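Peer 1: Predicted model and sequence below, questions to follow.
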Number of protein chains: 2
Amino acid sequence: MDTNYVRYEQPGVTVDLVIFTVSEEKLKVMLVKRASQPFSGCWSVPGGFLRKDESLEDAAFRVLEEKAGVKKVYLEQLYTFGKPDRDPRDRIITVTYIALIPWKSLAQPVSKNVIDVAWFSVDDVPDLAFDHREILDFAVQRLRAKAGYSSIVYGLLPERFRLSDLQKIYEIIMNQKFDKRNFRKRMLATGLLQETGAKDMTGAHRPAMLYEFKKRELVFFD
Amino acid sequence: MDTNYVRYEQPGVTVDLVIFTVSEEKLKVMLVKRASQPFSGCWSVPGGFLRKDESLEDAAFRVLEEKAGVKKVYLEQLYTFGKPDRDPRDRIITVTYIALIPWKSLAQPVSKNVIDVAWFSVDDVPDLAFDHREILDFAVQRLRAKAGYSSIVYGLLPERFRLSDLQKIYEIIMNQKFDKRNFRKRMLATGLLQETGAKDMTGAHRPAMLYEFKKRELVFFD
DNA sequence: CCAAAAGTGTTATTGATACACCCATGC
DNA sequence: GCATGGGTGTATCAATAACACTTTTGG
């Protein structure tokens, strides 16, 4: 950084979130319907202006709580978008984040005003405001790539889960089937899974062992 | 993004660059000595304020040309840092980039005023201004990680190079030795290398085949 | 006893690693 | 002719992929 440069008109700074969950065998993203100009009435990913004395990450968690009503979830910075014309009115740069929410954490209606917040399957989204389509595509690509070499998918699972739940999440995100025996071998070999004593007793079939993820904060690469 | 929020005082936006090269068997980073407050006289990574009607990437390329005098080099966005107190005077958020420059592209003195621009080995850097130490560490970590699963290292090589040059770059970045035969097998198996007819005739030994990288824009993951 | 998902091993294939000698040139 | 780095193949080991049947529960 170098303060020698003339400090031209500074852009506005926002934080936008691509919030994912998995339900009904689909990877879904949370979208909100814009109430104000520009793009009034258009769907967009949730976001907000960065506030004074608030870090970027704090802003992201604030938006997450406002829109999704959840607190402790997986959050990672995605990318910063700043083309001069990405907002038709002001110069705005936006720092984007990916958030992952286990579907079970969303038992409540997503927002009091249910009409303007909804989940869409990522391969069936409406037209989006600003460059949000580009942001969403970038986020999906990152999530799919990281699923292959990191433990990111655990952000989409509840505290305790069956190995078949884990496999289903992988299959939905990576859009491919895995062999059950090889999958289980591979997952157990990572050493990241811990058996809980408990078993899942729902369903008219043999009960499944419930596992938990050992280190919920761990991610392997950037 | 949601313009319902009160738009509080907006922070300044800068672009900072971690510029890497390899020379003298070391991974090196370009640092500049600050001429003005705050941190006057302190080393820092080069950067500057984002200008009106300039994209983030354009700003990064501008800084790159101003400080390093190079145009077409590998550039990738690293991370955006925005803690409220990271600049002691103003609220500044900085979008950081990694740039890679082949040492050979830097035949000219790095800057007209050579006293305030210098290359430091990444494991022997002085105290840095602001949070630039954190930025640098983050960049080194990213570079090392990506060297393992992408073709990023080609940004540090000239147009034409020997396989032994490629191997040396990998060894320096990843800080480990590789077996020559296995290394060459692996590299040729990627299909990203193309033989040029030419041979390197410098040195009192058998001439080496010169290769070039097929797709200089390709990167595997984010 | 039937339906539904859980759980479990072995073989074949592929990719990664370890390792040592001859070659072409300049001086 | 010698010093210097360039160039090459095989055998072992580890990781991944293919593949089918038995178990436990609820209804």
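Peer 2: Alright, I've got the coordinates. Quick caveat, the model's predicted, so the values are computed rather than measured.
Peer 1: Could you list every helix and strand in contact with the lengthiest helix in chain A?
Peer 2: As assigned by DSSP state H, the longest helix anywhere in chain A is helix A:132-149. For helix A:132-149, the packing partners by 3 or more CB pairs under 8 Å, 6 or more residues apart in numbering or on different chains; DSSP states H and E come out as strand A:12-23, strand A:26-33, strand A:74-81, strand A:92-100, helix A:163-174. Yep, even glycine has a C-beta here, placed from its N, CA and C like the rest.
Peer 1: JSON lines for those, including distance to DNA strand C and mean neighbour count?
Peer 2: Listed next are the helices and strands packed on helix A:132-149 as JSON lines, based on distance: least, CB to the nearest atom of the strand, whole Å; neighbours: other CB atoms under 10 Å in any protein chain shown:
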{"stretch": "strand A:12-23", "distance to DNA strand C": "16", "mean neighbour count": "24"}
{"stretch": "strand A:26-33", "distance to DNA strand C": "17", "mean neighbour count": "21"}
{"stretch": "strand A:74-81", "distance to DNA strand C": "24", "mean neighbour count": "20"}
{"stretch": "strand A:92-100", "distance to DNA strand C": "22", "mean neighbour count": "24"}
{"stretch": "helix A:163-174", "distance to DNA strand C": "3", "mean neighbour count": "18"}
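Peer 1: picking up where we left off before, quick one: contacts of the following helix or strand past the longest helix of chain A?
Peer 2: The first helix or strand that comes after helix A:132-149 along the chain, using DSSP states H and E, is strand A:160-161. Outside strand A:160-161, the residues that touch it by CB atoms under 8 Å, 6 or more residues apart in numbering or on different chains are A:196, A:198, A:210-212.
Peer 1: Can you tell me which of the residues you listed comes closest to residue A:181?
Peer 2: Distance to residue A:181 across the contacts of strand A:160-161 (CB to CB) is lowest for residue A:211, with 16.4 Å.
Peer 1: ok, and the closest non-adjacent residue to the closest one?
Peer 2: Counting by CB to CB, 6 or more residues apart in numbering or on different chains, residue A:193 is the residue found nearest to residue A:211 once chain neighbours are left out, at 4.8 Å.
Peer 1: beta partners of residue A:211?
Peer 2: Beta-bridge pairing for residue A:211 (DSSP bridges): residue A:161, residue A:195.
Peer 1: if we can go back for a sec, would you tell me which of the helices and strands packed on helix A:132-149 gets closest to residue B:137?
Peer 2: When these are compared by CB to CB, strand A:74-81 sits nearest residue B:137, at 16.1 Å.
Peer 1: Make CSV out of the helices and strands packed on helix A:132-149 and add mean pLDDT and distance to residue B:18.
Peer 2: Compiled in CSV, the helices and strands packed on helix A:132-149 are given as follows (pLDDT from 0 to 100; distance: least, CB to CB, whole Å):
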stretch, mean pLDDT, distance to residue B:18
strand A:12-23, 97, 21
strand A:26-33, 97, 32
strand A:74-81, 98, 15
strand A:92-100, 98, 18
helix A:163-174, 98, 31
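Peer 1: out of these, which comes closest to DNA strand D?
Peer 2: For DNA strand D, the closest of the helices and strands packed on helix A:132-149 is helix A:163-174, at 11.8 Å, according to CB to the nearest atom of the strand.
Peer 1: before we move on, back to that, list buried residues within the contacts of strand A:160-161.
Peer 2: Buried subset of the contacts of strand A:160-161 (neighbour count, 16 or more other CB atoms under 10 Å in any protein chain shown): A:210-212.
Peer 1: Stretch A:146-165 close to DNA strand D?
Peer 2: No: against DNA strand D, stretch A:146-165 shows no contacts by CB under 7 Å from any atom of the strand, the least distance being 10.4 Å.
Peer 1: Spell out which parts of chain A neighbour DNA strand D.
Peer 2: Within reach of DNA strand D by CB under 7 Å from any atom of the strand, chain A has these residues: A:179-182, A:186, A:189, A:201, A:203-207.
Peer 1: Farthest-apart pair in these, please.
Peer 2: The farthest-apart pair in the residues of chain A next to DNA strand D, when distances are taken by CB to CB, is A:189 and A:204, at 31.3 Å.
Peer 1: Those two: which has the busier surroundings?
Peer 2: Higher neighbour count among residue A:189 and residue A:204: residue A:189, with 9 against 4, using other CB atoms under 10 Å in any protein chain shown.
Peer 1: which one of the buried ones among the contacts of strand A:160-161 is nearest residue A:24?
Peer 2: Lowest distance from residue A:24 to those (CB to CB) belongs to residue A:210, with 22.0 Å.
Peer 1: And the pLDDT for the closest one?
Peer 2: What the model reports for residue A:210 is a pLDDT of 98.
Peer 1: What of the one 3 residues further on?
Peer 2: In the predicted model, residue A:213 carries a pLDDT score of 95.
Peer 1: which residues sit in contact with it?
Peer 2: Residues in contact with residue A:213 (CB under 8 Å, 6+ apart) are A:151, A:154, A:157, A:192-194.
Peer 1: how close does residue A:153 sit to residue A:201?
Peer 2: Separation of residue A:153 from residue A:201 (CB to CB, to the nearest Å) stands at 25 Å.
Peer 1: higher neighbour count, those two?
Peer 2: Using other CB under 10 Å, the more surrounded residue of residue A:153 and residue A:201 is residue A:153, with 21 against 8.
Peer 1: so where's chain A uncertain?
Peer 2: Residue ranges of chain A with pLDDT under 70: A:1-8, A:107-114, A:216-222.
Peer 1: go again using 90 as the cut-off
Peer 2: Where chain A drops to pLDDT under 90, the residues are A:1-10, A:37, A:67-72, A:105-115, A:215-222.
Peer 1: tell me which parts of it are close to DNA strand C?
Peer 2: So chain A meets DNA strand C at A:162-164, A:180-182, A:184-185, A:199, A:203-209 (CB under 7 Å from any atom of the strand).
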